[in-house]
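1. Let me see the structure of the following:
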Amino acid sequence: MSSLGCIVLLFTSTGIDCYVKRIFIVSMKKILLITVSVLLLASCDSQQEQQMPKPRVIVTCDPELDDMNSLIRYMLYSTDFQTEGIIYASSGVHWKGDGKGTAQYKEGSEYARQGLGAQTEWRWDSTVRFIDEVVDAYAESYPNLKVHDADYPTPEYIRSIVKWGNVEFEGDYTKDTDGSNLIKQVLLDENPAQVFVQVWGGASTLCAALRSIEDQYKGTANWEAVYNKVCQKLVLCLSGDQDGTYKSYIVPNWPDADTQRAKGGVILGYGASNNQTEENRHYYEPAWIEENILNKGPMGRLYRVWGDGRQLGSDSFDFFGLTEQYTVDELKEKGFTVWYPRIQPKGTFISEGDTFCYMNLIDNGLRAWQDQTWGGWLGRTKHGEQIDPTSILGTQFGRFGARDEVLPEFGGEIQEDMAARLVWATTPNYADANHYPVITGPLAIVAAPGEKVTLKVKVSDPDGDELTMQWKQWKVGTYEGEVTVDSPTTAQTTFTVPVDAQSGQTIHMVLETKDKGTPAMKKYLRTVITVK
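-> Numbering: from 1, shown residues only. Here you go, the predicted structure:
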């Protein structure tokens with residue numbers, strides 16, 4: 001057994017209270033991640049960029065149009081994840097029923113708010129297999145995608161990990177399903193790396209996996225070790241608490257399970273087109289969407305926008321595609337619930353309300369998934385800040401989307417980046433598309449106060465494009481003073497660690513590199529300086 005394992009077993013046998021135990025478990029997660037990073041850096045010169053492990057990810061989602069849009073973008077970035085499952089799930093607004101006529105009624109549910117009684121299903125069309133539709137579109141695009149990045153997983157592999165989870169009733173986690181069994185298997189396997197479970201709908205499928213683990217181990221001699229193992233691995237990436245099971249089951253029964261908490265990044269939910277800066281608003285408007293998404297092959301054609309003439313199955317709340325054909329009154333007469341307050345022009349961005357759950361896992365060089373205070377496309381958690389992860393659902397209307405005062409504005413960047421990947425999906429020749437700049441340089445440096453540090457960085461572009469570079473201090477570290485580099489627009493530069501920096505404090509220096517290809521692509525290098 002490893003020394004870390006001995007520490008965990010010693011700790012779990014001492015009966016330390018829950019609060020201290022939670023601090024310990026979170027610390028163990030950080031120790032494990034830091035250990036992996038140190039081992040990678042120790043293998044050669046620390047002034048060279050190393051290959052970081054890909055985050056392990058399981059996706060659960062329900063049949064909402066914004067889940068489908070989020071999944072399309074996810075598949076375009078599937079190079080950046082170790083995807084281990086894509087699972088059909090239910091929520092408070094979508095559940096399938098058991099096919100036997102069994103009815104469910106829950107106070108506060110969406111149908112109850114509509115003045116309706118018990119239901120045998122809710123907003124679930126059994127003919128809709130939206131995950132499979134996205135995977136089919138990905139399979140059509142795969143021969144092109146793999147030309148531009150060999151890390152795209154094969155369609156055969158992706159199809160093998162598509163499972164059905166707990167979809168019968170809202171918030172029901174009493175049954176084991178193929179989806180919950182997959183999650184359970186991953187959480188109990190021997191790989192200690194964290195698993196980022198995407199909960200884009202309700203958490204009932206994840207809850208079924210955790211409940212099954214409890215059923216098997218609670219009350220046995222192995223329970224404490226299993227509990228700690230799961231809590232050290234699991235990171236919940238919640239799009240709110242859409243069936244109440246996070247608060248009703250996970251919080252009281254798995255209080256040490258970590259949750260992703262960040263804000264201040266890109267707004268991509270319902271209303272996103274009205275919550276962008278003036279400079280970036282055109283990326284969410286019809287002309288740009290038509291040219292860069294809808295006209296880009298099977299994946300782009302599947303993407304949902306206002307007035308597209310489509311409906312996700314027979315979902316009467318999905319009126320967005322029909323606004324060019326009918327007035328609001330006519331839609332209501334046809335039985336649609338027109339719940340969004342403002343009709344938008346045809347072709348306008350609707351929503352990717354769950355994309356934020358994986359934005360910081362994308363390999364743009366910021367490595368934001370390693371520490372929630374570091375910041376990335378999703379945003380960040382400030383040091384000492386407390387965020388309720390279920391409140392992040394408010395980003396869908398911009399209520400929770402106040403931009404971070406330190407991080408750049410990413411709203412246009414993430415659209416340009418997706419557009420570039422859609423070009424990959426439709427371009428069979430490598431030379432006919434744009435690709436990311438390549439950066440090699442230090443991920444971590446230890447330096448003393450007053451020490452002059454040389455950042456040994458090399459930057460190139462595989463397409464031969466001209467590059468622009470900019471070094472900036474991101475004030476997300478624990479040193480709060482100003483640090484400037486001597487040559488902010490060149491790859492290799494120097495800076496001096498401030499003399500008032502204290503031992504153990506961290507400074508984040510970030511190099512942003514952008515090419516002049518079309519669409520433009522960026523890559524970052526984050527160098528974390530720890531003061532000795």
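2. Distance check, residue 271 against residue 84.
-> Using CB to CB, to the nearest Å, one gets 32 Å for the distance from residue 271 to residue 84. For the C-beta atoms, the positions are set from N, CA and C on the backbone; glycine is no exception.
3. So for these two, which sits in the more crowded spot?
-> More neighbours surround residue 271 than the other of residue 271 and residue 84, with 22 against 19 (other CB atoms under 10 Å).
4. Would you point out the helix or strand in this protein whose mean pLDDT is lowest?
-> One helix or strand of the chain scores below all others by mean pLDDT, DSSP states H and E: helix 3-12, with a mean of 34.
5. And the helices in the stretch 401-532 of the chain, which stretches?
-> Using DSSP state H, counting those that start in this stretch, the helices of the stretch 401-532 of the chain run over 411-425.
6. can you pull out the strands in it?
-> If you assign secondary structure with DSSP state E, counting those that start in this stretch, the strands in the stretch 401-532 of the chain sit at 438-440, 444-447, 452-455, 458-460, 467-474, 493-496, 506-515, 522-531.
7. So which of those strands is nearest residue 169?
-> Among the strands of the stretch 401-532 of the chain, the nearest to residue 169 by CB to CB is strand 522-531 (43.8 Å).
8. Let me know the average pLDDT across that closest one.
-> What strand 522-531 shows for mean pLDDT is 98.
9. what about dumping the CA coordinates of stretch 524-532 to CSV?
-> Taking Å, rounded to 0.1, in the frame of the first residue of the first chain, the C-alpha atoms of stretch 524-532 are listed here in CSV:
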residue,chain,number,x,y,z
TYR,A,524,-2.2,29.8,-23.7
LEU,A,525,0.7,29.0,-21.5
ARG,A,526,0.2,29.4,-17.7
THR,A,527,3.4,29.5,-15.7
VAL,A,528,2.8,29.2,-11.9
ILE,A,529,5.6,30.7,-9.9
THR,A,530,5.8,29.6,-6.3
VAL,A,531,7.9,31.8,-4.0
LYS,A,532,10.5,30.0,-2.0
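10. Would you mark the buried spots in that stretch?
-> Using 16 or more other CB atoms under 10 Å as the test for burial, stretch 524-532 gives 524-531.
11. gap between residue 334 and residue 316?
-> For residue 334 relative to residue 316 (CB to CB), the value is 9 Å.
12. Looking at those two, which has the bigger crowd around it?
-> Taking other CB under 10 Å, residue 334 and residue 316 do not tie; residue 316 has more neighbours (14 against 11).
13. where does that one land in three-state SS?
-> coil (DSSP: H, G, I helix; E, B strand; the rest coil).
14. dump the residue contacts of it.
-> Under the criterion of CB atoms under 8 Å, 6 or more residues apart in numbering, the neighbours of residue 316 are 123, 335-337.
15. Reformat these as CSV; add distance to residue 302 and neighbour count.
-> As requested, these are arranged in CSV below (distance: CB to CB, whole Å; neighbours: other CB atoms under 10 Å):
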residue, distance to residue 302, neighbour count
123, 20, 24
335, 25, 9
336, 22, 19
337, 24, 15
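16. What is the nearest of these to residue 246?
-> Distances from residue 246 to the contacts of residue 316, taken as CB to CB, are shortest for residue 123 (20.6 Å).
17. Residue 214 should be in a helix, yeah?
-> Yes. Under three-state DSSP, residue 214 sits within a helix.
18. Distance of the closest residue to it other than its chain neighbours relative to residue 369?
-> Of all residues not flanking residue 214 in the chain, residue 253 sits nearest, at 6.9 Å (CB to CB, 6 or more residues apart in numbering). Residue 253 is 25 Å from residue 369, where distance means CB to CB.
19. can you check residue 454 too?
-> Distance of residue 454 to residue 369, given as CB to CB: 28 Å.
20. same question, residue 236
-> Separation of residue 236 from residue 369 (CB to CB) stands at 13 Å.
21. shaky segments in the protein?
-> The chain contains residues with pLDDT under 70 at 1-51, 392-402.
22. Name the residue closest to the centre of it, please.
-> Closest residue to the average C-alpha location of the chain: residue 358 at 0.7 Å, with CA atoms, centre = their mean.
23. Which secondary structure elements does the helix or strand where it lies sit against?
-> Counting by DSSP states H and E, the element that carries residue 358 is helix 356-359. For helix 356-359, the contact count by 3 or more CB pairs under 8 Å, 6 or more residues apart in numbering; DSSP states H and E identifies strand 195-199, strand 234-238 as packing neighbours.
24. Burial-wise, tell me which of those comes out on top.
-> When you average the neighbours per residue for each of those (mean count of other CB atoms under 10 Å), strand 195-199 leads with a mean of 28.
25. how big is the angle separating that one from strand 234-238?
-> Here strand 195-199 runs at an angle of 30 degrees relative to strand 234-238 (axes from the mean of the first three to the mean of the last three CA atoms, to 10 degrees).
26. residues making contact with strand 195-199?
-> With contacts defined as CB under 8 Å, 6+ apart, strand 195-199 is touched by 55-61, 84, 89, 183, 186-187, 206, 233-239, 242, 246, 260, 354, 357-358, 361, 369.
27. So for residue 454 and residue 369, which sits in the more crowded spot?
-> Neighbour totals were compared for residue 454 and residue 369, and residue 369 leads with 26 against 13 (other CB under 10 Å).
28. Verify the stated contact: the more buried one with residue 358.
-> No. Counting by CB atoms under 8 Å, residue 369 stays clear of residue 358, with 9.0 Å between them.
29. excluding its backbone neighbours, what's nearest residue 142?
-> Computed as CB to CB, 6+ apart, the closest residue to residue 142 that is not its neighbour in sequence is residue 155, at 5.4 Å.
30. can you pull the contacts of the one you found?
-> Residues in contact with residue 155 (CB under 8 Å, 6+ apart) are 135, 138-139, 142.
31. Show me the helices in the stretch 1-150 of the chain, by range?
-> 3-12, 18-42, 65-76, 110-113, 130-148.
32. How far does the helix or strand just after the last one sit from its chain's centre?
-> It refers to helix 130-148. For helix 130-148, the succeeding helix or strand toward the C-terminus, using DSSP H and E, is helix 155-160. Helix 155-160 has its C-alpha centroid displaced from the chain centroid by 21 Å (CA atoms, centre = their mean, to the nearest Å).
33. Show me what counts as buried in helix 155-160.
-> 155, 158.
34. gap between the closest residue in space to residue 424 that isn't next to it in sequence and residue 216?
-> Of all residues not flanking residue 424 in the chain, residue 148 sits nearest, at 4.0 Å (CB to CB, 6+ apart). From residue 148 across to residue 216, the span is 44 Å (CB to CB).
35. Comparing these two, which shows the higher neighbour count?
-> The neighbour comparison of residue 148 against residue 216 (other CB under 10 Å) goes to residue 148, with 23 against 14.
36. Could you point out which of the strands of the stretch 401-532 of the chain sits nearest residue 390?
-> Taking these one by one with CB to CB, strand 467-474 is closest: 27.4 Å.
37. okay, now the domains of the protein?
-> What automatic domain parsing lists as the domains of the chain is 3-92+122-257, 272-397, 437-531.
38. What does residue 329 show for phi and psi?
-> Residue 329 adopts backbone torsions of phi -60, psi -40, taken as degrees, to the nearest 10.
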